[in-house]
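Asks: pasting a predicted model and its sequence here:
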2 protein chains.
Amino acid sequence: MLYVAIALAALALVFAFVKFKWIMGQDTGTEAMQIISRRVQEGAAAFLRAEYRWLTVFVIIVAIVIATTLAPKTAIAFVFGAVASGIAGYVGMHTATRAALRTTQAATKSLQEALGVSFSSGIVMGMSVVGLALMGVAIFTWLYTRDGGYTTEALNEVLGFSFGASSIALFARVGGGIFTKAADVGADLVGKVEAGIPEDDPRNPGTIADNVGDNVGDVAGMGADLFESYAGSIIATMILGVATFIGAADASEAGANMVILPLIVAAIGVIGSIIGTFFVKATDEHGLHSALFRGLIVASVVVVAGMAAVCFGELIAFPETLADGSAAPAPANYFYAIVAGLIVGVVVGKITEYYTGSGTKPVTNIAKQSETGAATNIIHGLATGMESVALPLVVICVGIALAYGWAGTYGVAIAAVGMLSTLGISLGVDAYGPVADNAGGLAEMAELPKEVRERTDALDACGNTTAAIGKGFAIGSAALTALALFAAFNETLLASPRVQADPGAYSLAITEVNVLIGLLMGGMLPFVFSAMTMRAVGNAANKMVDEIRRQFREIPGLLEGKAEPDSARCVEISTAGSLRQMIVPGMLAVAAPILMGLWSVQALGGMLAGALVSGVSMAIFMSNAGGAWDNAKKFIETTGAHGGKGSDAHHAAVVGDTVGDPFKDTSGPSLNILVKLMTVVGLVFLPLFLR
Amino acid sequence: MLYVAIALAALALVFAFVKFKWIMGQDTGTEAMQIISRRVQEGAAAFLRAEYRWLTVFVIIVAIVIATTLAPKTAIAFVFGAVASGIAGYVGMHTATRAALRTTQAATKSLQEALGVSFSSGIVMGMSVVGLALMGVAIFTWLYTRDGGYTTEALNEVLGFSFGASSIALFARVGGGIFTKAADVGADLVGKVEAGIPEDDPRNPGTIADNVGDNVGDVAGMGADLFESYAGSIIATMILGVATFIGAADASEAGANMVILPLIVAAIGVIGSIIGTFFVKATDEHGLHSALFRGLIVASVVVVAGMAAVCFGELIAFPETLADGSAAPAPANYFYAIVAGLIVGVVVGKITEYYTGSGTKPVTNIAKQSETGAATNIIHGLATGMESVALPLVVICVGIALAYGWAGTYGVAIAAVGMLSTLGISLGVDAYGPVADNAGGLAEMAELPKEVRERTDALDACGNTTAAIGKGFAIGSAALTALALFAAFNETLLASPRVQADPGAYSLAITEVNVLIGLLMGGMLPFVFSAMTMRAVGNAANKMVDEIRRQFREIPGLLEGKAEPDSARCVEISTAGSLRQMIVPGMLAVAAPILMGLWSVQALGGMLAGALVSGVSMAIFMSNAGGAWDNAKKFIETTGAHGGKGSDAHHAAVVGDTVGDPFKDTSGPSLNILVKLMTVVGLVFLPLFLR
């Protein structure tokens, strides 16, 4: 079974490679386009180099800490997890920046060809993430369980891989989130407002950095976030599989199958995703959204059919009893849980679209409130974001309750795996947006004909919708993954000899004062973390503003278009600034659970639950408020409602959009990482706290 | 002992009455002042009448529900709790509106006399709250435990009193919070912006409503909030006293003393508060703050000394063993816990002052960020509010950990009582601010000489600082009270026969899926509740705006000062609008725990904890962000920094202030009620869920 997973992971990587080669074979357009594109490529590469330099130091230090306090095996898995996620990010960015150029060129011919190139780029990212994550988890599971079989200890060592991926996610999502908004704000503030030149103007030294930022935040950041969810949910389910079906006994074949089941689900998901890609074809702009959605549906149908075959057809042996001797759920129940996960993912995405999509009621309401000024725009944007917390959490909780009813805690975790099973294509759908966005920027900068820009705009508009759905999906999967990891934390805790000897002293009841203190402290952290990341954007943007002003001042002829801006320097400064700004919030995410765990494991349990509870709500609130503000502004701009562009209502909406930028692109998504990373850290270091 | 508590409660009421009589004996100034003041008085009375009409319906319905599903005794206590809190609110408002007139007149003579009148008005409120709450709790305890002794059941019936107070708090705090901001926004928007007349101008039909709003929100709302905390923390401690020291056995004298101890602490607090009032005297404006602070310190010292005498001198018998047979804490430990509570209250208040006070670093930083526009002002205000969540929660958690270490869960609850023991004077310090504010408005409307306004402004400025501290105190005490009530919930649950028969089925471990679902749902509620209350302000304000516009349009000669505005109509509309707007959030707060409890008691426990965790953080975030924006704007206005009044930075700061208004005066404080009310509802109805 493990070999099948490894083989399908390899297939995903081969598919990504083939798609990549195909993209590289496309027409690269005029020389002007190539020069601009090369700058973005170099900028993105420069960012990654700088990020990976920081990361190398971080990974080495943490690996040493793990090796000395826990186990060298965990440290090795940790390093490989970091490297795998890093490679996936590199491949995704590398492809996206090259695909943008070719998408622009394809857009000179037809919408369909432009969609083909940009979507293929997303698929390269999606398949790389899925392939590398699945490959890594499967190989380390094979390596670490070869001798001793499936034990909690061995799988906790495999979890090092997930921790490594989380570390990259922290840097990519938080650092990238800061970078993208700092570059955006800096370029806009000096270029558009002070120098009075349009957006994406090649004279603006910050334009390249802004375009790099789209790749850094939306491609690499989103990819790393979901890499973490994907690997984390699979390993968490495996740990729960051991606790539920095997316990301290030797694994029966059927019990072992349950440990491997998440890998099977993921492997079938790879097949589904690949098949799904062949259904993404559109001839006009109205068909774009349904084309992408069709691909997702096909992939989901394949997963459902495949799992139905596995569970109803009993293609593998299912256990009849649990580790504690009680009756195991019927095979069909696992199927239901997986389907529930898939549905929850789609529904949460759709709810996000309702609250943040263009032209929906909440969004047009915010646009309307802009008529009475920035304050009412802000109040209603915040209220919309807060209100939007309710439905996704209700849906997630219903999903949890159902999955638990079908197959216990293991059912909740396998539902998370089900939700993420089609990640290969859903990440592809999501990551095509920034490519289209960049392609539009390129068309602008290279002064291509109007119809090219119209085609890329159509792609971009659809990309905004899929991005909204994707953000909801990312939060939903982060919540379920954190829950699965948290459940694994609980089971590992309960199974440890020290706790078995004195269960009362490690009770995680909310009646325990330490658990309550942990809950309160954990619930507070997302607020502090958000404050830090919001401030970080401002600080990094200030550095960027200073540099752009300096170039306009010191480079003669720049504003007249006679001299070249030093774009690379802007990227460097924004990179250094954003990476430095993420040290403190990053330290907080890693250090808080370790310090808490050293004080009290009960408090650590409370802290993880508290961070999960308020972190998920905050993430939804901030992401959706930001998304709603963004589209309220666009609604006024594109429809001319409430006075259209340049009106007072528009100015008010711009204020909301500016506030929403760090909400939706920095703080909100960073909270996904916070809740997962804290739980992974708590779980990885649990043996240390229980020593 | 109960008689002593009743006697001291009576003393508090007598002291309040004497102070009230003294205020009423003061000079009432010119006829013009009296006419304006009478309008505010009538408006405030009209609001209360309307509010109490709604409340009567609500109270009758809930009383019937309680009587039929729980016990008639609980229903009776519920009705009396509502009536007592209602009377306290009525007395406070009645006095405040009359004291404002007399403060204005006193300000024509000297600052000291003006302070005397306005502070006395606050004391009337503080002493009424403390006297009525203590009296009610003591009498119902006496009534309900006369026959059967101290049992969990009997005290759960007494808790009906607290639930009644909570219901009033909901209407007063949420409804009042909506009213005050709707009136404020409405009066400003049409009066200042559209008609171009200054603030507090008698021609503006909304001016009276605005002044009524200050009383409704800051006097009655704050009073009801703290009435609830005061009564709730005392009864929760008594319930924990039974669980900890008596259990199922008959009460020993020493055990009974522990049940009564919170009443003793409160009674000594009454003495301390009365003594403290004699130390509040100031001759110039620089001495104002220290004069008020001196009063608080004296009151605290009396409580500390009194409790030292009780605990170290063992004036009462302390138990040597707990109900479970283990050794009881040393008497000194209760003393330490009470002192810890007092200190936590002061420190949390001081932290709030740091984040929101005038001229502090976070506030001037927001002012500075206003230079780059409304967006940066908003971002940094939000970040400041989020950041300010950390320290208060750390302080509260340290307090919890210490109090628990000294005297277990009972210690945490008695710490809450200690914190609230000096409420008689601390609420007085807090409630004097709105009186001074209204006095200033009166001086403006009656066109009194400049030095009068200067004196009331000095009082008002100091009132803003004490209000900031008071808000922090209110949140801190709400958090500790909710914790105490939650602990009582846990103990009552554990003690119930049904749970004792099958503890596993009612485990509140965060490993239980129902508890986790409850946590997630509970954590989400404060976001939804805040969204509702924020929106409510806008909706109620719109009605107000329409009415003021109508009057300017339809009443000939109004703008020229030749005709009288129909102020009463504005108050009516704002009242009806705000009370209607609070039905849905109010229902949510009451219905959510009942529905959850009917489904699963485990989920209810999780929900209460989740609401506590995210509710406290949200309350601090919203209150402090709002306070910081307010003072950032004032900083620019008064110091002329960043261009001063009328500059771009000032316009940006006004946007922040407007967003902050519902944050700090509606949603933030309403969350105090939400977390307490939900816990009270859960606890009161617990017997129903366990039937």
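Replies: Sure, I can see it.
Asks: give the contact list for residue A:262.
Replies: Residues counted as contacts of residue A:262 (C-beta atoms under 8 Å, 6 or more residues apart in numbering or on different chains) are A:233, A:234, A:237, A:238, A:241, A:413, A:414, A:417. For every residue, glycine as well, the C-beta is placed using N, CA and C.
Asks: if we go to 6 Å?
Replies: By C-beta atoms under 6 Å, 6 or more residues apart in numbering or on different chains, the contact set of residue A:262 is A:234, A:237, A:417.
Asks: please see if the helix or strand encompassing the last one touches chain B.
Replies: This means residue A:417. Secondary-structure assignment from DSSP states H and E places residue A:417 in helix A:390-420. Yes - using C-beta under 6 Å from any C-beta of the partner chain, helix A:390-420 reaches chain B at A:390, A:393, A:397, A:400, A:404.
Asks: what is the nearest of the contacts of residue A:262 to chain B?
Replies: The closest of the contacts of residue A:262 to chain B turns out to be residue A:237 (C-beta to the nearest C-beta; 15.4 Å).
Asks: surely that closest one is in a helix?
Replies: Yes - Residue A:237 forms part of a helix when assessed by DSSP: H, G, I helix; E, B strand; the rest coil.
Asks: burial of it, as a residue count?
Replies: 33 (other C-beta atoms under 10 Å in any protein chain shown).
Asks: ok, now residue A:110?
Replies: So residue A:110, with other C-beta under 10 Å, has 13 neighbours.
Asks: state the pLDDT value of the residue in the stretch 1-150 of chain A positioned nearest to chain B.
Replies: Proximity of the stretch 1-150 of chain A to chain B (C-beta to the nearest C-beta) peaks at residue A:150, 21.5 Å away. Residue A:150 carries a pLDDT value of 89.
Asks: next: residue A:212.
Replies: 86.
Asks: residues in contact with it?
Replies: With contacts defined as C-beta under 6 Å, 6+ apart, the neighbours of residue A:212 are A:40, A:43, A:44, A:47, A:571.
Asks: between which two of these is the distance greatest?
Replies: A:40 and A:47 (10.6 Å; C-beta to C-beta).
Asks: would you confirm that the residue of the stretch 1-150 of chain A closest to chain B belongs to a strand?
Replies: No - Residue A:150 is assigned coil when assessed by three-state DSSP, not a strand.
Asks: quick check: the gap between it and residue A:495.
Replies: Distance, residue A:150 to residue A:495, by C-beta to C-beta, to the nearest Å: 13 Å.
Asks: those two: which has the busier surroundings?
Replies: The residue with more neighbours, out of residue A:150 and residue A:495, is residue A:150; 22 against 18, by other C-beta under 10 Å.
Asks: who's in contact with the more buried one?
Replies: Here residue A:150 is in contact with A:242, A:246, A:251, A:256, A:259 (C-beta under 6 Å, 6+ apart).
Asks: so what's the residue of the stretch 151-300 of chain A found nearest chain B closest to, chain neighbours aside?
Replies: Of the stretch 151-300 of chain A, the residue with the smallest distance to chain B, taken as C-beta to the nearest C-beta, is residue A:189 at 7.9 Å. Spatial nearest neighbour of residue A:189, chain neighbours left out: residue A:545 (5.7 Å); criterion: C-beta to C-beta, 6 or more residues apart in numbering or on different chains.
Asks: do residue A:111 as well
Replies: Using C-beta to C-beta, 6+ apart, the closest residue to residue A:111 is residue A:455 (4.9 Å).
Asks: I'd guessed that neighbour sits against residue A:107; true?
Replies: Yes - at 4.2 Å, residue A:455 and residue A:107 qualify as touching, with contact defined as C-beta atoms under 6 Å.
Asks: of those two, who's got more company?
Replies: residue A:107 (31 against 27).
Asks: hmm, that one is touching residue A:456, no?
Replies: Yes - using C-beta under 6 Å, residue A:107 and residue A:456 qualify as a contacting pair, with a distance of 5.2 Å.
Asks: how close does residue A:420 sit to residue A:264?
Replies: For residue A:420, the distance to residue A:264 - C-beta to C-beta - is 14 Å.
Asks: the two: which is more packed in?
Replies: Neighbours around residue A:420 and residue A:264, counted as other C-beta under 10 Å, are more numerous at residue A:420. The numbers are 32 against 22.
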